[in-house]
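J.: Output the structure for:
(4 chains)
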There are 2 protein chains.
Amino acid sequence: MNRVLLADDHQLLRQALGAALQDAGFEIVGEAADGEEAVRLADELDPELVMMDVTMPVLDGIEATRLVHLRHPDARVIMLTMHDEKALAAQAIAAGACAFLTKDSSMEDVVATVRHVGDGDVLVSPKIASSMLGELRSPAGTEESPPLTKREEEILQQVADGCTTAEVAARLFISAKTVKNHLASIYAKLDARDRTQAVLRGVRIGIIQLH
Amino acid sequence: MNRVLLADDHQLLRQALGAALQDAGFEIVGEAADGEEAVRLADELDPELVMMDVTMPVLDGIEATRLVHLRHPDARVIMLTMHDEKALAAQAIAAGACAFLTKDSSMEDVVATVRHVGDGDVLVSPKIASSMLGELRSPAGTEESPPLTKREEEILQQVADGCTTAEVAARLFISAKTVKNHLASIYAKLDARDRTQAVLRGVRIGIIQLH
DNA sequence: GGGAAAATGGGTCGGGCGACCTATTCAAGC
DNA sequence: GCTTGAATAGGTCGCCCGACCCATTTTCCC
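T.: Residues are numbered from 1 along each chain as shown, chains lettered A, B, ... in the order given. Okay, the predicted model is just below:
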């Protein structure tokens, strides 16, 4: 019997996961609707397992995982994501996640993965997880895309919010040139050739919130 | 006892909805993972109710709803969406949907809505639905954004896929000028000032697929 | 048949944007 | 202490983009 904390902004999915995990013998000790709440509840409830969605308001799942892992090294975090992206897996693992699931998975896959992690398997690699799901991606070298810095994420979010280069510069009290430099770095990291593609990548990997 | 068809690309959510609706006394006659499959299964199974996600591969939920409603005027379609956007509600209703639910809803809300629609309520307006959900939006005039034409959606999708204006023109065998004209029309309809915002809007309202 | 909307194409203009290059400061880590 | 990387800033260049004009053809609905 493992104490589980659920963090997902979609109540529907939380309830569904909660019900399935309870049926499987897990105890749901709390539910969070955003990353910040997830971190707070993790502090408060000290769960053994955390099911964390990547795309969440206020604080995204990656950052929330990083914080939870930092404060509760024993807690095992399982990441949930809409779209599966190789780049995301690396970031999730780096942030301290133990496993990786896409929302294309079946309930059985979820329960199986949670059980594995709960049983103490140190790391269910994304590859193992995806093969376990019967879905295999990342053909070979798993070319990783280095995570964005905090400043870069901040700038990309502003761009996603509709700001031009000059507007971002004004909001952050820095030069437009600097914003351009950050953007160039973002494009290189996300393999995007313009702001549209960069923002879309950000949305896919869950570091960008849609307002 | 109503015959229900589920259409959502996330297996997890399909299972969850299916289980909840079955518990509530509905019969799940089929599940579709994309819009095309939804239309095909609707033809095949002739369900009374269809729960249709907006964001689906191959054919989006709006278009799928339009087709289903066209071929099966008696079938009642309930739209499901991630983000709730006023513009989407108008499009969904126009396409023939009977009700509108966000994934922020609770399972109880979903069951209640499905029951209402299944009982024969002609139209659960988005406003009623959202007030039923305890969430009220669209303060007054519900300023509608007219839906994009097929050509416009096609072009916006190409832009989302990373094409420049010239590349879209080449792919569609039309002049770059024409692409620009369509884009201008798209910007006006979606209240976007550039392609980044337009694509993001498309993603939010679910007419754009992320590849 | 007639009108509206969609789809097509053209022109011009200014500005934002991305590519490329360099430089300084500061903090963290080896 | 030295190096690395992040964040800051500057310059130039060419081009793509969006704003605002315009017209024609086709399609579809009344």
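
J.: After the helix or strand bottoming out on mean pLDDT in chain A, which helix or strand is next? Please name it.
T.: For chain A, counting by mean pLDDT, DSSP states H and E, helix A:126-132 ranks last in confidence among helices and strands (a mean of 48). Tracing the chain C-terminally past helix A:126-132 and defining elements by DSSP states H and E, one meets helix A:150-160 next.

J.: Point out the other elements, helices or strands, that that following helix touches.
T.: Helix A:150-160 makes packing contacts with helix A:165-172, helix A:176-190, helix A:195-205, helix B:195-205 when contacts are defined by 3 or more Cβ pairs under 8 Å, 6 or more residues apart in numbering or on different chains; DSSP states H and E. In short, each C-beta sits where N, CA and C put it, glycine included.

J.: among these, which is nearest residue B:180?
T.: helix B:195-205 (10.8 Å; Cβ to Cβ).

J.: hmm, stretch A:72-79 in reach of chain B?
T.: No: on the criterion Cβ under 8 Å from any Cβ of the partner chain, stretch A:72-79 is out of touch with chain B, staying 13.1 Å away.

J.: Show me which residues of that stretch are buried.
T.: Neighbour-count burial for stretch A:72-79, counted by 16 or more other Cβ atoms under 10 Å in any protein chain shown, picks out A:72, A:75, A:76, A:77, A:78, A:79.

J.: could I get those as a markdown table with pLDDT?
T.: Formatted as a markdown table, the buried residues of stretch A:72-79 follow (pLDDT from 0 to 100):
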| residue | pLDDT |
| --- | --- |
| A:72 | 85 |
| A:75 | 85 |
| A:76 | 86 |
| A:77 | 88 |
| A:78 | 88 |
| A:79 | 86 |
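
J.: In strands, which of these appear?
T.: Under the assignment DSSP state E, these contribute A:76, A:77, A:78, A:79 to strands.

J.: with those residues in mind, which one is nearest to residue B:16?
T.: Using Cβ to Cβ, these come closest to residue B:16 at residue A:78, 17.1 Å.

J.: Disregarding residues adjacent in the polypeptide, which is nearest to the closest one?
T.: Among residues not flanking residue A:78 along the chain, residue A:99 sits closest, at 4.5 Å (Cβ to Cβ, 6 or more residues apart in numbering or on different chains).

J.: Paired strands for the strand or helix carrying the one you found, with orientation please.
T.: Here residue A:99 sits within strand A:97-102, counting by DSSP H and E. Here strand A:97-102 has these sheet partners by DSSP bridges: strand A:76-81 (parallel).

J.: Just the angle for the partner strand relative to helix A:195-205, thanks.
T.: Angle, strand A:76-81 to helix A:195-205, by axes from the mean of the first three to the mean of the last three Cα atoms, to 10 degrees: 130 degrees.

J.: Close to chain B: what parts of chain A are there?
T.: Residues of chain A found near chain B (Cβ under 8 Å from any Cβ) are A:9-13, A:15-17, A:19-20, A:82-83, A:103-107, A:110, A:159-160, A:162, A:193, A:195-197, A:199-200, A:203-204, A:210.
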